[in-house]
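1. Below is the sequence, then the predicted model.
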Amino acid sequence: MPIRILSLPDKDLRYALDCMGVDVLIALSICSKRTKKLVKSSNRKIHRHIVHLDENYTCFDICESERVFQPKTDRIYFNVYYTWAVLDQGNGLEVWIKNEFTQSDWIAHFLSIFNEPTIPVLVIENVSLSYLDSVTQFIPKVRILNISERCSNGLTRKAFLKLAPIARFVQVANYSSENDISQFLSLNLRDLDFYDGENPFKVTSVDLLAVNIEDLSIEYANITERELNRFLKLWMKRNHTFYRPKSIRLTLEDEEIELNHQEVFKGVQYQTVDHKLRLKRGDGKELTFFVEEDVIVFEFT
Amino acid sequence: MSSTEQGTSSAAPAEPTTAPESAAAPEVPESFYYVHGKDKVVHKVSAGALQHSALIHGMISNLGYTEEQAKANPFPFENIDGDILQMVVDWCNQHKGKPTPPEDTNLPKQKEKLFDLVLAVNYLEIKELLTYCCKQVAMMVKGKSPEEIREIWMIPTDAEDEAAEKEAKKRAGKEAAGETAAAAGDAK
């Protein structure tokens, strides 16, 4: 029962493409250059497109649905090993072999057929340092870089330094608080989230002044009122000095913080506007300080 | 509400078989039209069923045929195989006067005819049936590997595509050269 699909009238072919599942589109896209172009031109929108980088394989976690909790059958896991690829759609595994495709070819192919200029989310799993060295050579730009909790501190550090510059947002899932995070704060980045669910990161006024990231979030942070006060005073004194952050969010372990405002704002002039405290520097720059449940927020304008 | 006559186009279509009539149906007599495909077998179809086809509906509106004229002049669709036209007519009859559901179980199951059916339905501009057919085409390869898809959908390899392209270019070049030569001959 063969059917010459490429000979169908354009409109019908487009409609048939619209009716196809993502798994079929992927399979069709690797049939030939012509079918790849066709799939690309279908402009299929993928809402969840995560690339997991593991030691022996790369996993593409793909879902079209916008729903936050998708049923398993809506999602596709496409695992690429050295010489073969496995498609898992929740109802059985299927093995495809495309010998001439390397992992870098697969990444480029997926980005191309779904018209993604960058890898939407790249998750670094537990890979060796040498493997990380080799993969960083072919990773294109990344929108969200997630360094998973499975990574050791050494790997986290290396992955961060190598890949953060090509990412728009960076999430570090579990970097041990025993390690100094200040070395990461001075990098020129758009968005950085640090998370350690067990041990809060120790943050000082020097760390906050060294931040060169537009939006920084640290969860959980350990900072004293004295350090906060020192930071506010030093920030006030740095007239006409470039300070990049637009916002800094420090999540504390305590669910309800009872900050000693007197100590935090000792010797600092401020105004209260809509329950927020506003500091204004001589050069016109403003800092707004407020507490949202367990989060201390600094906003800079 | 249709009958099919196993005859030739020259033969006059037979009288329609009596159709079951709904008790609530209005007393307005329904008009019928006649179509035939490549095999010249004439199908009698009600105007209501033909509403599905934008092409035929347009033809009917423009022609303003009486029933007698319609009987004497079946619409010829020489580019559509008889069995395909039969499938289309059956579908139109089954869906006469009612909106088509999102999933149509009455869709013809003959997958080997699907390609011709899509072309016919596209030509006759039957939007709903075209939608179902395209869905059916897409479903043919659900769960298939790229190699199986290549086979089912007769997808040429890159090498075959390149060869075909070369051939097409060569042909176009020859045709262009022929035209130039002809134009030069005319000028002389």
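-> Nice, thanks for sending it over.

2. What segments of the stretch 1-150 of chain A are strands?
-> A:48-53, A:58-63, A:75-80, A:84-88, A:93-97, A:119-124, A:142-147 (DSSP state E, counting those that start in this stretch).

3. Where does residue B:88 sit, in terms of helix or strand?
-> Using DSSP states H and E, residue B:88 sits within helix B:82-94.

4. For the strands of the stretch 1-150 of chain A, please prepare CSV with the additional fields mean pLDDT.
-> What follows is the strands of the stretch 1-150 of chain A, written out as CSV (pLDDT from 0 to 100):
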stretch, mean pLDDT
strand A:48-53, 89
strand A:58-63, 89
strand A:75-80, 85
strand A:84-88, 82
strand A:93-97, 76
strand A:119-124, 93
strand A:142-147, 93
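
5. from those strands, which stretch is densest packed?
-> For the strands of the stretch 1-150 of chain A, the largest average neighbour count (mean count of other Cβ atoms under 10 Å in any protein chain shown) is found in strand A:119-124, namely a mean of 22. Using the backbone N, CA and C atoms, a C-beta is placed for each residue, glycine as well.

6. tilt between that one and strand A:48-53?
-> 40 degrees (axes from the mean of the first three to the mean of the last three Cα atoms, to 10 degrees).

7. neighbouring strands for strand A:119-124, and are they parallel or not?
-> Strand pairing for strand A:119-124, determined by DSSP bridges: strand A:48-53 (parallel), strand A:142-147 (parallel).

8. Tell me the first helix or strand C-terminal of the last one.
-> Tracing the chain past strand A:142-147, the next element assigned as helix or strand by DSSP H and E is helix A:153-163.

9. If you count neighbours, what's buried in that following helix?
-> A:155, A:156, A:157, A:158, A:159, A:160, A:162, A:163 (16 or more other Cβ atoms under 10 Å in any protein chain shown).

10. ditto for stretch A:213-228
-> Neighbour-count burial for stretch A:213-228, with 16+ other Cβ under 10 Å as criterion, is recorded at A:213, A:214, A:216, A:217, A:218, A:219, A:220, A:221, A:222, A:223, A:227, A:228.

11. hmm, back to that, select, out of the strands of the stretch 1-150 of chain A, the one closest to residue B:39.
-> Of all the strands of the stretch 1-150 of chain A, it is strand A:93-97 that lies closest to residue B:39, at 42.2 Å by Cβ to Cβ.

12. tell me the mean pLDDT over stretch A:287-301?
-> The average pLDDT within stretch A:287-301 is 89.

13. Endpoint to endpoint, it covers what distance?
-> Here the two ends of stretch A:287-301 are set 7 Å apart, with distance taken as Cα to Cα, to the nearest Å.

14. which parts of it are buried?
-> Neighbour counts over stretch A:287-301 (16+ other Cβ under 10 Å) mark A:287, A:288, A:289, A:291, A:296, A:297, A:298, A:299, A:300 as buried.

15. Now do the phi/psi pair for the closest residue to residue A:173 other than its chain neighbours.
-> Nearest residue to residue A:173 in three dimensions, chain neighbours excluded: residue A:149, at 4.2 Å (Cβ to Cβ, 6 or more residues apart in numbering or on different chains). For residue A:149, the backbone dihedrals (degrees, to the nearest 10) come out as phi -70, psi -10.

16. ok, and the helix or strand in the chain with the lowest average confidence?
-> Assuming you mean chain A. Every helix and strand in chain A was compared by mean pLDDT, DSSP states H and E; the lowest is strand A:93-97, with a mean of 76.

17. what does it rub up against?
-> A:27, A:30, A:83, A:84, A:85, A:86, A:87, A:88, B:143, B:145, B:146 (Cβ atoms under 8 Å, 6 or more residues apart in numbering or on different chains).

18. and with 10 Å instead?
-> Contact partners of strand A:93-97, identified using Cβ atoms under 10 Å, 6 or more residues apart in numbering or on different chains, comprise A:23, A:26-27, A:30, A:77-81, A:83-88, B:143-147.

19. who's in contact with residue A:142?
-> Residue A:142 makes contacts with A:51, A:118-122, A:163-170, as judged by Cβ under 10 Å, 6+ apart.

20. Sorry, slip of the keys, the one I care about is residue A:263.
-> With Cβ under 10 Å, 6+ apart, residue A:263 has these contacts: A:224, A:225, A:226, A:228, A:229.

21. Recalculate using a threshold of 6 Å.
-> residue A:225 (Cβ atoms under 6 Å, 6 or more residues apart in numbering or on different chains).

22. before we move on, what about residue A:213?
-> Contacts of residue A:213 (Cβ under 6 Å, 6+ apart): A:189, A:192.

23. Quick one, grab the pLDDT at it.
-> Residue A:213 carries a pLDDT value of 93.

24. Checking my notes, residue B:34 in a strand, right?
-> Yes. Using DSSP: H, G, I helix; E, B strand; the rest coil, the secondary structure at residue B:34 is a strand.

25. didn't it look like it was pressed against residue B:72?
-> No. Residue B:34 lies out of contact with residue B:72 (Cβ atoms under 6 Å); the separation is 8.7 Å.
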